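*Asks:* how would this look folded up:
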Amino acid sequence: MHVFCHRTLVLSSLLLILITGCAANTSPSTQPVSITILHTNDHHGRFWRNDAGEYGLAARKTLIDGIREEVEGKGGVVLLLSGGDINTGVPESDLQQAEPDFKGMRLLGYDAMALGNHEFDNPLSVLDRQHTWAGFPLLSANIYDRNTQHRRYQPYAVLKRQGLTIVVIGLTTEDTEKVGNPEYIKELEFRDAAAEAKALIADVRRRYAVDMVIAVTHMGHYDNGESGINAPGDVTLARAQVPGSLDMIIGGHSQEPVCMLSAHINQQAYSPGQPCQPDYQNGTWIMQAHEWGKYVGRADFILRNGELELQEYQLIPVNLRNQPAAMPPLNEDAQMLALLQPFQQMGAQKLNVKIAELNGRLEGDRSEVRFRQTNLGRLIAAAQMHKTHSDFGLISGGGVRDSINPGDVTYKDVLRVQPFGNTVGYVQMSGQEVLDYLSQVATKPTDSGAYAQFYNLSFRLVKGRLEDVKIGGSPLQPQSQYRFSLAAFYASGGDGYPRLTDHPGYVDTGFVDAEVLRLYMQQNSPIDASDYAPSGEIINAG
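*Replies:* Residues are numbered from 1 along each chain as shown. As a prediction, the model looks like this:
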């Protein structure tokens, strides 16, 4: 009998040994087995319930514990998987580097998760610690070390359940190379996920007598594979595989319920309690459970004679306000509350301190700030401009993650808007260099994180060409010198912006963006939101 233990460059070989073990190359199971796959994705720091009492890991544990008891009581198998992006979104989590989130997931009993692009919002040393807190495999098969040309993280896990051999492969969006902080990911290479998966699936099927192959991915679901400016997602991945080689994809990244109306059209206006049919492409089921732990996806299968049959699929809401009355609220698990309460209290003490007063809404919603100039985008650019004594400021819409409502503003509000901890820099350029730079940045498409917000700058964009460029109301002079502010993320080439860190006029101040915004709001309180409202400075004439 041939026995093989997979070895690769991973951060925790002990975890690999404990969780995946060695797989004996025996025949796949022929007895019918009930298999329930539970899944979440795009958690983004929501370890605690929100102000309306929705979601949170404590209620999620009550739900999952109940399903496990039900399924395992009947002799079935339960797996709990995540499509990644645990980091970034809620200040209490961000300030503690998602320690409560990963430790809470460990208590929930997750079997594996995909590394999402937001797992790289911090230095890689933080991700190392998160591996330790998790205690379960954090997977990605398509991330390589640029120096060694070996995989940097554990590519897959082999799970043994009731005589079954289940291989779970992890994949990460190739867009991480574009949207991740270049200073943190410069050692990493994000390769073609579909190609890596095809080769790896063939390899594990040679090595093991596999009953099921599952991909946990953070790549996004795009109808009919039409990913637009995004990297290819789960539909493209499924279609690129040998038919029958990949049983299912548990996805994330596009942050949507995958509930198909037809073979190629997802239901955009899904409501809790409605029926949900996952996508099915090239013999592969594709599932995604929206975001933030609002739902737990539940797929009930029967594995019979090597064939996997889907019996039922549900997106089960976790204490959502608009869920049907027939779905009573879930009680919060006491053990989970005991684990998380100290983290929540520690975060609250740091965050719930008033820093400013605001007389109107500052608009930072994704549906606005990635499409047009907004008062919040302009205020952030103004704060960075003033901090660096620049002539104008710019940020991208993807760097604005929430709005701020009128009333008392706290540090928590600021960190919701800017959770990434980027530093602020500036660059000194000639007017011609500025024009060349803006010609690339100002043409970034709407409906993308790269769409730029500006302050103290005006221009017309006509058929992709900049006209009537003014700084502080005065026409740009090609031979004059100008300074503009921007986060180090963009200066390093993030979001596809031109790289400026090698420019002789670039300086990284070391000031953290959220702190710059906090100080600016504090110094200018009370803040009149209308002072930052756009008034035709940026015109796209088509």
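*Asks:* For the residue nearest to the spatial centre of the chain, which non-adjacent residue is closest in space?
*Replies:* In the chain, the residue lying closest to the centroid (CA atoms, centre = their mean) is residue 85, at 4.0 Å. Nearest non-adjacent residue to residue 85, counting by CB to CB, 6 or more residues apart in numbering: residue 116, 3.4 Å away. For glycine as for every other residue, the C-beta is placed from the backbone atoms N, C-alpha and C.
*Asks:* State the mean pLDDT of whichever helix or strand residue 104 is part of.
*Replies:* Per DSSP states H and E, residue 104 falls inside helix 99-108. Mean pLDDT, computed over helix 99-108, is 98.
*Asks:* So what touches that helix?
*Replies:* 43, 45-48, 57, 60-61, 64, 80, 82, 86-87, 92-93, 113, 129-130, 133-136, 335-336, 339-340, 343-344 (CB atoms under 8 Å, 6 or more residues apart in numbering).
*Asks:* Format the CA atom coordinates belonging to the helix or strand containing residue 93 as PDB.
*Replies:* Per DSSP H and E: residue 93 is located in helix 91-94. Taking C-alpha atoms only, helix 91-94 is exported to PDB below (Å, rounded to 0.1, in the frame of the first residue of the first chain):
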ATOM      1  CA  PRO A  91     -13.000  48.600  13.800                       C
ATOM      2  CA  GLU A  92     -13.200  46.400  16.900                       C
ATOM      3  CA  SER A  93     -11.800  43.600  14.700                       C
ATOM      4  CA  ASP A  94      -9.300  45.600  12.700                       C
END
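*Asks:* Show me what that helix is packed against.
*Replies:* With contacts taken as 3 or more CB pairs under 8 Å, 6 or more residues apart in numbering; DSSP states H and E, helix 91-94 sits against helix 99-108, helix 334-351, helix 411-417.
*Asks:* Put together TSV for these, with distance to residue 248 and mean neighbour count on each row.
*Replies:* Formatted as TSV, these follow (distance: least, CB to CB, whole Å; neighbours: other CB atoms under 10 Å):
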stretch	distance to residue 248	mean neighbour count
helix 99-108	20	22
helix 334-351	28	16
helix 411-417	34	23
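*Asks:* With distance to residue 123 as new columns, can those be given to me in TSV?
*Replies:* Formatted as TSV, these follow (distance: least, CB to CB, whole Å):
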stretch	distance to residue 123
helix 99-108	15
helix 334-351	21
helix 411-417	18
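*Asks:* tell me the domain ranges of the protein?
*Replies:* What automatic domain parsing lists as the domains of the chain is 3-346, 353-540.
*Asks:* how about the strands in the stretch 51-200 of the chain?
*Replies:* With strands called from DSSP state E, counting those that start in this stretch, the stretch 51-200 of the chain shows them at 77-82, 112-114, 138-139, 143-145, 156-161, 164-172, 188-190.
*Asks:* Quick one, which of those strands gets closest to residue 294.
*Replies:* strand 77-82 (14.0 Å; CB to CB).
*Asks:* Relative to the closest one, what are the paired strands and their orientations?
*Replies:* strand 33-40 (parallel), strand 112-114 (parallel) (DSSP bridges).
*Asks:* highest average neighbour count across these?
*Replies:* strand 112-114 (a mean of 30; mean count of other CB atoms under 10 Å).
*Asks:* Run through who's touching that strand.
*Replies:* Contacts of strand 112-114 (CB under 8 Å, 6+ apart): 81-84, 86, 105, 134, 136-140, 157, 159, 168, 170-172, 216-218, 250, 252.
*Asks:* Return the mean pLDDT over that strand, rounded to an integer.
*Replies:* On average, strand 112-114 scores 98.
*Asks:* Kindly report the same for stretch 397-407.
*Replies:* pLDDT averaged over stretch 397-407 gives 94.
*Asks:* Kindly report the same for stretch 434-450.
*Replies:* 91.
*Asks:* Give the buried residues for that stretch.
*Replies:* Buried residues in stretch 434-450, counted by 16 or more other CB atoms under 10 Å: 434, 435, 437, 438, 439, 441, 442, 444, 448, 449, 450.
*Asks:* With stretch 237-247 instead?
*Replies:* Buried, per 16+ other CB under 10 Å, within stretch 237-247: 237, 238, 240, 241, 245, 246, 247.
*Asks:* what helices or strands is the one helix or strand the second one maps to leaning on?
*Replies:* By that I understand residue 238. Element membership for residue 238, per DSSP H and E: helix 234-239. Applying 3+ CB pairs under 8 Å, 6+ apart, one finds that helix 234-239 contacts helix 193-207, strand 212-218, strand 248-250, strand 279-281, strand 284-287.
*Asks:* Which of those sits closest to residue 183?
*Replies:* Per CB to CB, nearest to residue 183 of the helices and strands packed on helix 234-239: strand 212-218, 20.9 Å.
*Asks:* and that closest one with strand 164-172, angle?
*Replies:* If you take axes from the mean of the first three to the mean of the last three CA atoms, to 10 degrees, strand 212-218 sits at 20 degrees to strand 164-172.
*Asks:* Give me the sheet partners of strand 212-218 and which way each runs.
*Replies:* strand 164-172 (parallel), strand 248-250 (parallel).
*Asks:* now it and helix 193-207, what's the angle there?
*Replies:* Going by the same axes, to 10 degrees, strand 212-218 makes 150 degrees with helix 193-207.
*Asks:* tell me how far strand 212-218 is from the chain's mean position?
*Replies:* 17 Å (CA atoms, centre = their mean, to the nearest Å).
*Asks:* quick one, that strand and strand 156-161 angle?
*Replies:* Using the same axes, to 10 degrees, strand 212-218 lies at 130 degrees relative to strand 156-161.
*Asks:* Dump strand 212-218 to PDB, restricted to CA.
*Replies:* What follows is strand 212-218, C-alpha atoms only, in PDB (Å, rounded to 0.1, in the frame of the first residue of the first chain):
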ATOM      1  CA  MET A 212     -14.900  14.400  -3.400                       C
ATOM      2  CA  VAL A 213     -12.900  17.400  -4.500                       C
ATOM      3  CA  ILE A 214     -14.000  20.900  -3.300                       C
ATOM      4  CA  ALA A 215     -12.500  24.200  -4.100                       C
ATOM      5  CA  VAL A 216     -12.800  27.000  -1.500                       C
ATOM      6  CA  THR A 217     -12.200  30.100  -3.500                       C
ATOM      7  CA  HIS A 218     -12.000  33.900  -3.100                       C
END
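*Asks:* Report the mean per-residue pLDDT for it.
*Replies:* 98.
*Asks:* Tell me where the model's unsure across this structure.
*Replies:* Within the chain, the ranges that satisfy pLDDT under 70 run 1-30, 542.
*Asks:* any chance of the strands paired with strand 212-218 in TSV, plus mean neighbour count and distance to residue 231?
*Replies:* Conversion of the strands paired with strand 212-218 to TSV gives the following (neighbours: other CB atoms under 10 Å; distance: least, CB to CB, whole Å):
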stretch	mean neighbour count	distance to residue 231
strand 164-172	26	10
strand 248-250	29	15
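*Asks:* With distance to residue 262 as added columns, please give the ones you listed in TSV.
*Replies:* TSV is the format used below for the strands paired with strand 212-218 (distance: least, CB to CB, whole Å):
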stretch	distance to residue 262
strand 164-172	26
strand 248-250	19
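*Asks:* Point out the one among those strands that comes closest to residue 366.
*Replies:* The nearest among the strands paired with strand 212-218, by CB to CB, is strand 164-172 at 21.5 Å.
*Asks:* On the three-state scheme, the nearest residue to residue 473 once chain neighbours are set aside is what?
*Replies:* Excluding its sequence neighbours, the residue lying closest to residue 473 (CB to CB, 6+ apart) is residue 458, at 7.6 Å. Under DSSP: H, G, I helix; E, B strand; the rest coil, residue 458 falls in the strand class.
*Asks:* and residue 458, how far is that from residue 475?
*Replies:* Residue 458 sits 10 Å away from residue 475, going by CB to CB, to the nearest Å.
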